[in-house]
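Peer 1: Task: produce atomic coordinates for the following.
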Amino acid sequence: MNKTFVLVRAVRGPLMLIALGVLLLLQKFTYFGFSQSWPILVILYGVLKLAERGALQAGENAPQGPPPAGGSWS
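Peer 2: Residues are numbered from 1 along each chain as shown. Take a look at the predicted model:
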């Protein structure tokens with residue numbers, strides 16, 4: 001696993017909690033109810049899963065070390 005994948009997984013939970021808190025504050029201080037704004041949590045979760053998948057695939061395609069030695073200088 002690469003560092004980007006681990007970072008995306010590590011921030012997923014805290015970002016979801018922050019978004020939930022913001023949505024609950026919106027319910028309290030504006031006319032937007034939680035019943036109207038909960039899909040934002042689903043969208044955020046989907047975006048974070050896409051970022052996680054993209055980071056995982058980018059890590060698999062990255063070179064793991066120096067290129068193999070060999071060849072000739074003719």
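
Peer 1: need the longest helix for the chain.
Peer 2: The longest helix of the chain (DSSP state H) is helix 3-29.

Peer 1: Could you pull up the contacting residues of G33?
Peer 2: Each residue near G33 by CB atoms under 8 Å, 6 or more residues apart in numbering is listed here: Q27. Using the backbone N, CA and C atoms, a C-beta is placed for each residue, glycine as well.

Peer 1: Point out where the chain drops to low pLDDT.
Peer 2: Residue ranges of the chain with pLDDT under 70: 1, 60-74.

Peer 1: Nearest the geometric middle of it, what residue?
Peer 2: L48 (3.2 Å; CA atoms, centre = their mean).

Peer 1: Check the gap between that residue and Y31 for me.
Peer 2: Shown here: L48 relative to Y31, a distance of 28 Å by CB to CB, to the nearest Å.

Peer 1: got it, and L44?
Peer 2: 22 Å.

Peer 1: the more surrounded of those two?
Peer 2: Taking other CB atoms under 10 Å, L44 and Y31 do not tie; L44 has more neighbours (16 against 7).

Peer 1: wait, isn't that one in contact with G13?
Peer 2: No - look at L44 against G13 with CB atoms under 8 Å: they stay out of range, at 11.6 Å.

Peer 1: before we move on, the earlier item: which residue is the nearest non-sequential neighbour of the residue nearest to the centre of the chain?
Peer 2: R12 (4.8 Å; CB to CB, 6 or more residues apart in numbering).

Peer 1: In contact with that neighbour, which residues are there?
Peer 2: Contact analysis of R12 by CB under 8 Å, 6+ apart lists Y45, L48, E52.

Peer 1: Redo those as TSV? Include secondary structure and distance to A19.
Peer 2: TSV is the format used below for the contacts of R12 (DSSP: H, G, I helix; E, B strand; the rest coil; distance: CB to CB, whole Å):
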residue	secondary structure	distance to A19
Y45	helix	9
L48	helix	10
E52	helix	16
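
Peer 1: Mind picking the one among those that's closest to L23?
Peer 2: Y45 (13.0 Å; CB to CB).

Peer 1: Quick check: the gap between that closest one and R53.
Peer 2: Distance, Y45 to R53, by CB to CB: 13 Å.

Peer 1: With that, I have no additional questions.
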